[in-house]
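K.L.:
coords below, sequence missing:
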């Protein structure tokens, strides 16, 4: 059913009145907070009014309806535009009192939209370009599910409002390029073409022909007067009937109607002030007190917010009447968590590794896990930033998503780490997917802003980061991570898992899928590692974050050796050297510090013990002092690596069992 079929056509005067509700709520909230960005809401209110009243398919009383249209405010600084729309259309999380508390502690109306704070906020935005790239992920999710389940269950659009800054950020072009390649025709981006940034006119910093650039990426482009509702409506209607994504340049005036500040950078990020508001009241013929709206405005917007209820009800009927298997599969993918029993699926693989004891790179073990899990999963959606053969993220049975066939389960993201991470956020937020994507750990730097947003939004995205250390060898220091483990461990809500062998790799994947409110970074090796775990496979010890891999024999511990990933086998070898000298050492494998921190104190104390502790990790020692007395108790790396075979580099930098054993003896003797 068309959204435009249920309301009479709006004339320019009526649209302006309805848009005034957005404008004055935005101005009033920014003034009350004495903080915020009023310019964009004033400039894009006409466009937003047309979009929501003529086209958006949603039901404010049922905000999680799976087949709703998605709206992403990529220009998140203009958050009051979104909050005003959510209030006006009747979302229960945004009563007028919430808007009056804009930017205040614990208000759902935060400075920038934050996913999870209130229904109707589809994603966290603010870092420019991220919203647009996330919207690409949502549009990709829609296309895949429409291919799998049919338009009766999945047939919606993704709309985004983006500003000049969004298109200046490189992540937007990464996402734009992939969206055009994959022909995401139900993605429509409305560009707030006001030609103003914080510093001033865009002429200060760019001469791009943006429409030509985007058109070259296989998009449709259009341009309209953003203050002409009829032109905006016609452009959106045209865009909805295309097999390509569309960018509509809406030429607007920032701070439209705000007097002297209108059209200037002075209205971007500061209150308009009494003079500007007085001018706007006269310009828009608005005589109402702050936060007070006339019935003709509120009645109109309430009708817009409830209009989708009938369509949502019809969709529920279609789902209820669908083929039993189709309906069951839909329910299965829309539940939180992995759509299978990962423990049971991986048990056979773990037993086989324990029996055969192969020397195996954890990236290869990871591929074995992906093969096993993907065989029966409808939710796992893999990919890599042009490193499929190196990350080993592609299962043999994986089918690529292509421009003309979206029925697959693997995305070739190209050399676009940042775009990949943001698109995976969009896939996760859309629902129906557990996305995972790979690159080298060193290149997590490219993806980090989107990884941070995944952590902030509690999205269970999985990052497969291989080539975990100097052990990757000859590519040299540009490709050898040093500070990256410490950096990612410092990120709130991110689980960083660095398994020591194939069994821990399986357990870490299982733990990642079980943690539905955390993203996970799986850090995997290029080089082969010995199988260290052979007993006690029934319990997922890696899910505890750390455990005693090898207890001291013959009495109480004299020293405890802590390690992660590739260096655990070095700690085990050092334990054997110490045993020859009659020194009792225990080895603790610590694949995930964050999960270890969640364990009861008694468990943590038992694992760490009371004996002196040393650590070894082929990375920066930063952070290890939470487990050892001082940084000198860590054998790590405080310089960049070098180009040479990995084994030679371990010796060169002193990451050896002999060095660790010597250090342990000195620690005991001290």
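P.N.:
Arrived safely, thanks for sending. Just so we're clear, the structure is a prediction, and the values are computed from it rather than from any experiment.
K.L.:
ok, the residue nearest to residue 649 when sequence neighbours are not counted - contacts?
P.N.:
If the residues on either side of it in the chain are set aside, residue 649 comes closest to residue 470, at 4.4 Å by Cβ to Cβ, 6 or more residues apart in numbering. No exception for glycine: its C-beta is placed from N, CA and C like everyone else's. Contacts for residue 470 were tallied using Cβ atoms under 8 Å, 6 or more residues apart in numbering; they are 480, 618, 637, 641, 642, 646, 649, 650, 653, 655.
K.L.:
what residue ranges in this structure score low on pLDDT?
P.N.:
Low-confidence segments of the chain (pLDDT under 70): 1-10.
K.L.:
now the contacts of residue 470 as JSON lines including neighbour count, distance to residue 565 and secondary structure?
P.N.:
Rendered in JSON lines, the data for the contacts of residue 470 read as follows (neighbours: other Cβ atoms under 10 Å; distance: Cβ to Cβ, whole Å; DSSP: H, G, I helix; E, B strand; the rest coil):
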{"residue": "480", "neighbour count": "27", "distance to residue 565": "14", "secondary structure": "coil"}
{"residue": "618", "neighbour count": "28", "distance to residue 565": "8", "secondary structure": "coil"}
{"residue": "637", "neighbour count": "22", "distance to residue 565": "13", "secondary structure": "coil"}
{"residue": "641", "neighbour count": "25", "distance to residue 565": "16", "secondary structure": "coil"}
{"residue": "642", "neighbour count": "15", "distance to residue 565": "20", "secondary structure": "coil"}
{"residue": "646", "neighbour count": "20", "distance to residue 565": "13", "secondary structure": "helix"}
{"residue": "649", "neighbour count": "23", "distance to residue 565": "15", "secondary structure": "helix"}
{"residue": "650", "neighbour count": "22", "distance to residue 565": "13", "secondary structure": "helix"}
{"residue": "653", "neighbour count": "18", "distance to residue 565": "15", "secondary structure": "coil"}
{"residue": "655", "neighbour count": "22", "distance to residue 565": "12", "secondary structure": "coil"}
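K.L.:
of those, closest to residue 147?
P.N.:
Set against residue 147, the nearest of the contacts of residue 470 by Cβ to Cβ is residue 480 (40.4 Å).
K.L.:
isn't the closest one right up against residue 443?
P.N.:
No: using Cβ atoms under 8 Å, residue 480 is not in contact with residue 443, being 11.4 Å away.
K.L.:
what is the burial count for residue 632?
P.N.:
For residue 632, the number of neighbouring residues by other Cβ atoms under 10 Å comes to 12.
K.L.:
roughly how far does it sit from residue 343?
P.N.:
41 Å (Cβ to Cβ, to the nearest Å).
K.L.:
and what of residue 98?
P.N.:
According to Cβ to Cβ, residue 98 stands 42 Å off from residue 343.
K.L.:
and the two? which has more neighbours close in?
P.N.:
Between residue 98 and residue 343, residue 98 has the larger neighbour count (other Cβ under 10 Å), namely 20 against 15.
K.L.:
please state the offset of stretch 127-144 from the chain centre?
P.N.:
10 Å (Cα atoms, centre = their mean, to the nearest Å).
K.L.:
next: stretch 491-505.
P.N.:
Between the mean C-alpha point of stretch 491-505 and the mean C-alpha point of its chain there is a distance of 18 Å (Cα atoms, centre = their mean).
K.L.:
buried sites along that stretch?
P.N.:
By 16 or more other Cβ atoms under 10 Å, the buried positions in stretch 491-505 come out as 491, 493-505.
K.L.:
same question, stretch 116-130
P.N.:
Buried residues in stretch 116-130, counted by 16+ other Cβ under 10 Å: 118-130.
K.L.:
let me know the closest of those to residue 609.
P.N.:
Each of the buried residues of stretch 116-130 was checked against residue 609 using Cβ to Cβ; the closest is residue 124, at 41.2 Å.
K.L.:
packing partners of the top helix by length along the chain?
P.N.:
Ranked by number of residues, the top helix in the chain under DSSP state H is helix 12-33. Applying 3 or more Cβ pairs under 8 Å, 6 or more residues apart in numbering; DSSP states H and E, one finds that helix 12-33 contacts helix 39-50, helix 79-88, helix 96-100, helix 229-239, helix 273-283, helix 295-306.
K.L.:
next, the angle helix 295-306 makes with that helix.
P.N.:
Put simply, helix 12-33 runs at 90 degrees to helix 295-306, going by axes from the mean of the first three to the mean of the last three Cα atoms, to 10 degrees.
K.L.:
can you list the buried residues in helix 12-33?
P.N.:
Counting neighbours by 16+ other Cβ under 10 Å, helix 12-33 gives 14-33 as buried.
K.L.:
residues touching residue 62, list them.
P.N.:
With contacts taken as Cβ under 8 Å, 6+ apart, residue 62 has the following neighbours: 308, 309, 312.
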